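J.: got a predicted model here, sequence first, then my questions.
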Amino acid sequence: MSTKSNKICTLKVGQIEKNPILALSTSEKDVEKYGRVTKAYGNVVSAIVGQSGKTYRILAGQAGFQACAHNGIQEIPAIVTEISNEAEQMKLALLLSTIREEGNSLSEGAFIDTLISNHGVTRRELMGLLKKSKSWISKRQSLVLKLSVDVKRMVKDGTICARTAEEIAKMPEGKQVAFASTVLRDGLNKTDVGQLVNLYTREDSSVALREAILDSPLAILDACPVGSIGRRKEKRGMTERITSNAGFLIRLLHELKGLLAKANADSIAMASSYLSELHIALEDLVCIIAATISSVSPGKRQGGGPS
């Protein structure tokens, strides 16, 4: 590709359009970060834009652009590329997203998918452009094509990293949110997740095994022989397991409390058998917790050491 002669100018905010693909990875935190800069120093955040007719579209710098707009700044400095072809503009935006701080796996995946699906760009061409492997490009694209909406939100918020999400994308879409929640609850790393996903998606895996992977992945990782899926090097301590499960249960109970407050009589009636079972389980749990806490002397850890 020949060197382009671009121009630097000041554009009115109203002349610039958001990029819907970059919006996939532009979180409120990103905008707030740039907002602090623009409030203190004004329009020092530049943008890279592509021109189409009389309008301009963001190719890089969307978070800063949104921060300027939110703070009432009417004009921002911009670099206007001399590229008018939409596919070439998207290639530039993709390339910039892989080297700039605001780059995000979801945007990269969306750019890749759009270029391949809508503009006839080959994976080999993208490999040369990005200096990335075919596997990297396919995994990024899978985040867009296979990942559920709720898990995409987790990636956007930084709750789940891209490499872990690439493994979760191999799961059936209807199981992804439940599995992602368990991954967070148990603090599983990318290697753990990959091993569990491979086991879940094996043709010979039973329904019971798959349910256990979703409900108790640590038990599966700890129980499997070394070499079958790769045993965890370190098992979690009892305290860590209790606190993580208690924290997850607290979050679920708060969510259930909100749902019950909004539910109508018909919904409650249909769920009554489960609610009755939950009531019994909670009463049993309360008794166990009370007995456990009372058995520990105040101000001392179990084992007699100083607190």
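T.: In hand now; what should we look at?
J.: now residue 210. Nearest residue, chain neighbours left out?
T.: residue 200 (5.4 Å; CB to CB, 6 or more residues apart in numbering). C-betas here are computed from N, CA, C, even on glycine.
J.: so where's the stretch 101-250 of the chain shaky on pLDDT?
T.: 101-103, 224-237, 240-241, 243-245, 247-248 (pLDDT under 70).
J.: please enumerate the helices of it.
T.: 105-119, 123-130, 134-145, 149-156, 162-168, 173-186, 190-200, 207-215, 217-223, 238-262 (DSSP state H, counting those that start in this stretch).
J.: how about the ones you listed in CSV, adding mean neighbour count?
T.: Shown next, in CSV, are the helices of the stretch 101-250 of the chain (neighbours: other CB atoms under 10 Å):
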stretch, mean neighbour count
helix 105-119, 22
helix 123-130, 15
helix 134-145, 18
helix 149-156, 18
helix 162-168, 22
helix 173-186, 18
helix 190-200, 20
helix 207-215, 14
helix 217-223, 17
helix 238-262, 11
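J.: how does the protein divide into domains?
T.: 7-145, 149-223, 263-294 (automatic domain parsing).
J.: run the chain-centre distance for the second one.
T.: What that stands for is domain 149-223. 13 Å (CA atoms, centre = their mean, to the nearest Å).
J.: and for the longest one?
T.: The chain centroid and the centroid of domain 7-145 are separated by 19 Å, computed with CA atoms, centre = their mean.
J.: start and end of that domain, how far apart?
T.: Domain 7-145 has an end-to-end distance of 36 Å (CA to CA, to the nearest Å).
J.: the second one now?
T.: The stretch domain 149-223 measures 32 Å between its terminal residues, going by CA to CA.
J.: over to stretch 46-64?
T.: 7 Å.
J.: just stretch 67-74 next, same as before
T.: For stretch 67-74, the end-to-end distance is 11 Å (CA to CA).
J.: now swap in stretch 261-277 and tell me
T.: 19 Å.
J.: could I get the contacting residues of the residue nearest the centre of the chain?
T.: Residue closest to the average C-alpha location in the chain (CA atoms, centre = their mean): residue 155, at 1.1 Å. By CB atoms under 8 Å, 6 or more residues apart in numbering, residue 155 lies in contact with 104-106, 143, 147, 161-162, 165.
J.: now the residues you listed in a markdown table, with distance to residue 76?
T.: Shown next, in a markdown table, are those (distance: CB to CB, whole Å):
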| residue | distance to residue 76 |
| --- | --- |
| 104 | 21 |
| 105 | 27 |
| 106 | 24 |
| 143 | 30 |
| 147 | 33 |
| 161 | 31 |
| 162 | 29 |
| 165 | 32 |
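J.: between those residues, which sits nearest residue 128?
T.: residue 105 (20.3 Å; CB to CB).
J.: give me the distance between that closest one and residue 199.
T.: The gap separating residue 105 from residue 199 is 24 Å, by CB to CB, to the nearest Å.
J.: thinking again about what came up before, now the domains of the chain as TSV including distance to residue 238?
T.: Formatted as TSV, the domains of the chain follow (distance: least, CB to CB, whole Å):
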stretch	distance to residue 238
domain 7-145	35
domain 149-223	12
domain 263-294	12
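J.: and residue 257, which of those domains is closest to it?
T.: domain 263-294 (10.9 Å).
J.: quick one: buried residues of that closest one?
T.: By neighbour count with 16 or more other CB atoms under 10 Å, domain 263-294 contains no buried residues.
J.: what do you get for stretch 71-84?
T.: So for stretch 71-84, counting by 16+ other CB under 10 Å, buried means 73, 76, 78, 80-81, 83.
J.: narrow those to those in helices?
T.: Using DSSP state H, no member of those sits in helices.
J.: alright, I will stop here.
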